[in-house]
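**Q** Dropping the sequence and predicted coords here.
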Amino acid sequence: MEGKRGTIAAVCTSEAKGTAKTDVGEAFLVVEKGLEGDAHAGFAHRQVSLLSLEDIEVAAEKLPELRPGSFAENLTVRGIDLSGVAIGDRLRAGEALLEISQIGKTCHTKCEIYHRTGDCIMPRKGLFCRVLEGGWVRRGDAVELLAR
């Protein structure tokens, strides 16, 4: 049963934009920048991307090799219901405090996942955040949707 609290299933980074990310297990979130060492760090209001493991698992029914990081998300979370979040909502993830800054994104070029399955969940399910308080995030850490 999903609720307002879950766990971080993966912490993912990449060296280049436009590529899948790799689960590195832990990383440091820098205020108003994002994950240290990630190609997307410092990208205005989309400093950190987030996706639920449950959504990845549904997509993997069509493409079994999908895993955390396949959609280029930084944090993969499980056990938390993110379906009702709004821009401005806040999440405590590990030591860091994140603020939802964008829900979904327009894909100007269709990714490989879209071409292979006819769908991509990032435009509907992807969340983007600003880092308000920095700190470490690690696989297994709690993630909690804070009260408005």
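**A** Received the coordinates, thanks.
**Q** Pull the number of nearby residues for the residue lying closest to residue 41 once chain neighbours are set aside.
**A** Distances taken as Cβ to Cβ, 6 or more residues apart in numbering put residue 34 closest to residue 41, at 3.7 Å, once the chain neighbours are dropped. To be clear about C-beta, it is placed using only N, CA and C from the backbone, and glycine gets the same treatment. Residue 34 is flanked by 26 other residues according to other Cβ atoms under 10 Å.
**Q** And the pLDDT at residue 34?
**A** Looking at residue 34, its pLDDT is 95.
**Q** Hmm, it is touching residue 40, no?
**A** Yes - with contact defined as Cβ atoms under 8 Å, residue 34 counts as touching residue 40 (6.2 Å).
**Q** shared neighbours of these two, anything?
**A** Listed as contacting both residue 34 and residue 40 by Cβ atoms under 8 Å, 6 or more residues apart in numbering are 47, 74.
**Q** The residue nearest to the spatial centre of the chain: what's it in contact with?
**A** The residue lying closest to the centre of the chain (Cα atoms, centre = their mean) is residue 50, at 1.4 Å. Neighbouring residues of residue 50 by Cβ under 8 Å, 6+ apart: 73, 74, 75, 76, 77, 82, 91, 98, 126, 127, 128, 129.
**Q** Give me the distance between it and residue 130.
**A** 12 Å (Cβ to Cβ, to the nearest Å).
**Q** Now do the shared contacts for these two.
**A** What both residue 50 and residue 130 touch, as defined by Cβ under 8 Å, 6+ apart, is the set residue 98.
**Q** after the particular helix or strand that has the residue nearest to the centre of the chain in it comes which helix or strand?
**A** Using DSSP states H and E, residue 50 maps to strand 48-52. Next in sequence after strand 48-52, counting helices and strands by DSSP H and E, comes helix 53-59.
**Q** Export only the CA atoms of that following helix, formatted as CSV.
**A** Extracted C-alpha coordinates of helix 53-59, given in CSV (Å, rounded to 0.1, in the frame of the first residue of the first chain):
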residue,chain,number,x,y,z
LEU,A,53,9.9,2.1,-9.2
GLU,A,54,6.3,0.9,-9.5
ASP,A,55,5.9,3.0,-12.7
ILE,A,56,9.1,1.6,-14.1
GLU,A,57,7.9,-2.0,-13.3
VAL,A,58,4.7,-1.4,-15.2
ALA,A,59,6.7,-0.1,-18.2
